[in-house]
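Visitor: need a structure here:
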Amino acid sequence: MKQFRIIIFTFLIGFSALSQNIDFSSYSYVIVPDKFEFLNAPDQFQLNSMSLFYLKKSGFNAFLAKDTPNANRCDGLYANVEELKTLFGTKLQVVLLDCDGNEVYRSDEGKSKYKEFEKTYQDALRKAFESVEKLGVSQSEMVQTYAANSSDSTNTLPAESKLSEINGVPFPSSKFSNYVNEGKSYLLRKTAEGYSLYKEDSSSEDGLKLVGKIVVMEKVVKYIDVSGNVADADFDQSGNLIIKTRESTITYDFVD
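Guide: Have a look, this model is predicted:
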């Protein structure tokens with residue numbers, strides 16, 4: 001039994017070393033399935049959309065399966081999330097496969113013990129992706145190849161579809177919007193990926209200090225502060241910006 005454990009341990013160490021030697025930045029993209037096998041419905045608990053978000057945050061050119069680019073399939077990786085058996089709580093791992101179905105990476109386990117299903121799955125997923133982010137991936141901008149009879153043989157990938165509203169509330173359409181929180185003024189600037197949030201700061205050269213970014217993708221809106229912490233983002237009927245962390249809710253009041 002002891003010898004068996006040594007063999008398993010040696011295998012895991014060897015596989016971990018193999019993963020570390022793979023240059024994930026040399027791949028062009030990664031595909032996220034529309035549904036993970038352990039879930040009952042596509043994007044249940046927003047795990048697929050959140051996986052897409054975390055992969056992008058970790059430097060991958062990530063796409064949902066339904067948006068798979070017209071490119072060599074072996075230039076890409078294929079992401080999966082697996083639920084591991086545990087007596088208490090939830091335990092998830094992120095797995096990356098190559099085009100032949102070979103496992104090339106397995107993340108650290110993400111563990112959570114919240115009672116609410118959505119909360120515990122999302123928390124476990126976030127923790128599993130912490131090790132993915134440490135890979136330091138930086139995939140180059142992807143070029144899509146079209147058929148020879150197309151008017152253009154190559155082109156950069158078109159922007160993915162993004163949310164334009166939440167629960168019927170449209171996102172700010174202005175290039176710049178003003179907000180206030182606890183007596184301090186903030187500027188929200190519209191960008192290609194969503195928005196950037198700045199705080200008025202007299203010590204900064206241009207009077208503004210970046211405090212975070214809001215990334216808008218299909219079904220997902222997330223806030224990332226300058227330290228890399230991720231939270232949910234939302235806008236209410238009055239145009240106020242709402243940032244929801246695990247500990248608190250911060251409201252930036254819209255100034256008309």
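Visitor: secondary structure class for Tyr78?
Guide: Secondary structure for Tyr78, judged by DSSP: H, G, I helix; E, B strand; the rest coil, is strand.
Visitor: ok, it - contacts?
Guide: 30-31, 33, 96-99 (CB atoms under 8 Å, 6 or more residues apart in numbering). Yep, even glycine has a C-beta here, placed from its N, CA and C like the rest.
Visitor: Met50: what's it in contact with?
Guide: Under the criterion of CB under 8 Å, 6+ apart, the contact partners of Met50 comprise 122, 125-126, 220.
Visitor: what does Ala231 give?
Guide: Applying CB under 8 Å, 6+ apart, one finds that Ala231 lies in contact with 222-223, 225, 243-246.
Visitor: tell me the one among the residues you listed nearest to Leu87.
Guide: Nearest to Leu87, judged by CB to CB, of the contacts of Ala231 is Arg246 at 23.9 Å.
Visitor: neighbours around the closest residue to Val137 other than its chain neighbours, how many?
Guide: Taking CB to CB, 6 or more residues apart in numbering, and ignoring the residues beside it in sequence, Val137 has Gly59 as its nearest neighbour in space, at 3.7 Å. Per other CB atoms under 10 Å, the neighbour tally for Gly59 reads 16.
Visitor: hmm, Gly59 is touching Ser140, no?
Guide: No. Using CB atoms under 8 Å, Gly59 is not in contact with Ser140; the gap is 10.2 Å.
Visitor: residue ranges with poor pLDDT in this protein?
Guide: With pLDDT under 70 as the threshold, the chain has low-confidence stretches at 1-20, 143-167, 218-219.
Visitor: select only the buried ones of the contacts of Tyr78 in PyMOL?
Guide: The following PyMOL line selects those of the contacts of Tyr78 that are buried, judged by 16 or more other CB atoms under 10 Å:
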select buried, resi 30+31+33+96+97+98
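Visitor: could the contacts of Tyr78 go into CSV alongside distance to Asp253 and secondary structure?
Guide: Output for the contacts of Tyr78, formatted as CSV (distance: CB to CB, whole Å; DSSP: H, G, I helix; E, B strand; the rest coil):
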residue, distance to Asp253, secondary structure
Val30, 38, strand
Ile31, 40, strand
Pro33, 40, coil
Leu96, 42, strand
Leu97, 46, strand
Asp98, 49, coil
Cys99, 50, coil
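Visitor: before we move on, the earlier item: ok, so of the contacts of Met50, who is nearest Ser51?
Guide: Comparing the contacts of Met50 against Ser51 with CB to CB places Leu125 closest, at 6.8 Å.
Visitor: so where's the longest strand in the chain?
Guide: Residue-count comparison of every strand in the chain, with assignments taken from DSSP state E, identifies strand 208-217 as the longest.
Visitor: sec struct for Leu125, please.
Guide: Local secondary structure at Leu125 is given as helix here, using three-state DSSP.
Visitor: quick one: list the elements packing against the helix or strand hosting Phe63.
Guide: With the criterion set as DSSP states H and E, the secondary-structure element containing Phe63 is strand 62-64. For strand 62-64, the elements it packs on are strand 29-32, helix 47-57, judged by 3 or more CB pairs under 8 Å, 6 or more residues apart in numbering; DSSP states H and E.
Visitor: chain center to it, what's the gap?
Guide: 10 Å (CA atoms, centre = their mean, to the nearest Å).
Visitor: repeat for stretch 188-204
Guide: Relative to its parent chain, stretch 188-204 has a centroid offset of 21 Å by CA atoms, centre = their mean.
Visitor: which residues in the stretch 101-250 of the chain form strands?
Guide: Taking DSSP state E, counting those that start in this stretch as the criterion, the stretch 101-250 of the chain carries its strands at 103-106, 110-112, 143-145, 154-156, 165-166, 169-170, 176-181, 184-190, 194-200, 208-217, 220-225, 230-235, 241-244, 249-255.
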